[in-house]
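**Student:** below are the sequence and a predicted model for it; my questions follow.
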Amino acid sequence: MITIKGLAKSFGKLEVLKDINIEIQAGEVVAILGPSGSGKSTLLRCINGLEELTKGSIEVNGIVIDASHSKKERVKKVREVRVHTGMVFQQFNLYPHKTALENVIEALLTVKKMDKTQAVKIGEDLLKRVGLFEKRDEYPSRLSGGQQQRVAISRALAMDPDVMLFDEPTSSLDPELVDEVLNVIQELAKEGMTMVIVTHEMNFARDVAGRVIFMADGVVVEEGNPKEFFAGPKTERARKFLKMEEEQDKIL
């Protein structure tokens, strides 16, 4: 579903990603872990075409974005890739002047030019799926953070993507609201949705992901089965990271 070859991304002289090579199969759930500044979010943004590649290529469902492409060709390929990918960000990015349902169906109406009756049916079904049908007419200001993030997930799913990208989907939430978002993602995993999840929720990554990729300093340091990774990481850098996470959990 996703093939990344020789990916590098720089912002001026700052190298954020260095020679990333990853393959993700259809139906696979991959959790990307690592300390702040390791390049995790930038990697997701490159997959979805939100950042231009400095070097290398990314293939999503047969569509290739290559750093060597002309700007015109790159723009065309990015549009094609976004048809196949849905992305959920740390911040919910909902339209404040639109209801939950209106937020979900906006792209169906403006991008897919869908009939409103059909779009509303899809939107209501998706809100039911995430347990928010009763909130369909509420504005974002009247929803909790967890509810807003579930609306954002519904909005991404409305375009019927082949791949879902999650960038720290619970980092902006109060601790008691985290589970309601993670439960939705877990249900998507059970349904066989291909997902790449940048997360700091270690237990969630252990229980839901089929593979863990650990990044630090812009490179993939280690990857493998979650249970094996958490039981005994192979690299000193990963061991140090997990120890710090455990100590942080004890403080909290």
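**Tutor:** Yep, it's here. Values in this document were obtained by computation on a predicted structure and should not be read as measured data.

**Student:** most distant residue from the centre of the chain?
**Tutor:** Here the chain reaches farthest from its C-alpha mean at Thr117, the gap being 29.1 Å by C-alpha atoms, centre = their mean.

**Student:** what residues does it make contact with?
**Tutor:** By C-beta atoms under 8 Å, 6 or more residues apart in numbering, no residues touch Thr117. For every residue, glycine as well, the C-beta is placed using N, CA and C.

**Student:** doesn't it lie inside a helix?
**Tutor:** Yes. Residue state for Thr117 (DSSP: H, G, I helix; E, B strand; the rest coil) corresponds to a helix.

**Student:** and for the longest helix along the chain, what are the contacting residues?
**Tutor:** If you go by DSSP state H, the chain has its longest helix at helix 236-251. Residues outside helix 236-251 that contact it (C-beta under 8 Å, 6+ apart) are Leu33, Gly34, Pro35, His200, Met202, Phe214, Ala216, Val221, Glu222, Phe229, Phe230, Pro233.

**Student:** and which of these is nearest to Asn103?
**Tutor:** His200 (25.9 Å; C-beta to C-beta).

**Student:** just the pLDDT for the closest one.
**Tutor:** Here the pLDDT value assigned to His200 is 88.

**Student:** these two touch, right, it and Ser171?
**Tutor:** Yes. With contact defined as C-beta atoms under 8 Å, His200 reaches Ser171; the gap is 6.7 Å.

**Student:** do a quick rundown of the strands in this protein.
**Tutor:** 2-11, 14-24, 29-33, 55-60, 63-66, 85-88, 163-167, 194-198, 211-216, 219-224 (DSSP state E).

**Student:** now render these as CSV, adding distance to Asn103.
**Tutor:** CSV is the format used below for the strands of the chain (distance: least, C-beta to C-beta, whole Å):
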stretch, distance to Asn103
strand 2-11, 27
strand 14-24, 28
strand 29-33, 25
strand 55-60, 25
strand 63-66, 27
strand 85-88, 13
strand 163-167, 17
strand 194-198, 21
strand 211-216, 31
strand 219-224, 35
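
**Student:** could I get the ones you listed in TSV, plus columns for mean neighbour count and distance to Ala100?
**Tutor:** Shown next, in TSV, are the strands of the chain (neighbours: other C-beta atoms under 10 Å; distance: least, C-beta to C-beta, whole Å):
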stretch	mean neighbour count	distance to Ala100
strand 2-11	18	30
strand 14-24	17	31
strand 29-33	25	26
strand 55-60	20	29
strand 63-66	18	31
strand 85-88	24	15
strand 163-167	23	19
strand 194-198	25	23
strand 211-216	22	33
strand 219-224	18	37
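
**Student:** of these, which is nearest Pro96?
**Tutor:** Using C-beta to C-beta, the strands of the chain put strand 85-88 closest to Pro96, at 17.8 Å.

**Student:** sheet partners, orientation included, of the closest one?
**Tutor:** Strands adjacent to strand 85-88 in the sheet, as given by DSSP bridges, are strand 163-167 (parallel).

**Student:** for the nearest residue to Glu102 once chain neighbours are set aside, give me the pLDDT.
**Tutor:** Once flanking residues are discounted, Glu102 sits nearest to Tyr95: 7.3 Å by C-beta to C-beta, 6 or more residues apart in numbering. Tyr95 is assigned 93 on the pLDDT scale.

**Student:** buried stuff in stretch 77-87?
**Tutor:** The neighbour-count check on stretch 77-87 (16 or more other C-beta atoms under 10 Å) flags Lys77, Val78, Glu80, Val81, Arg82, His84, Thr85, Gly86, Met87 as buried.
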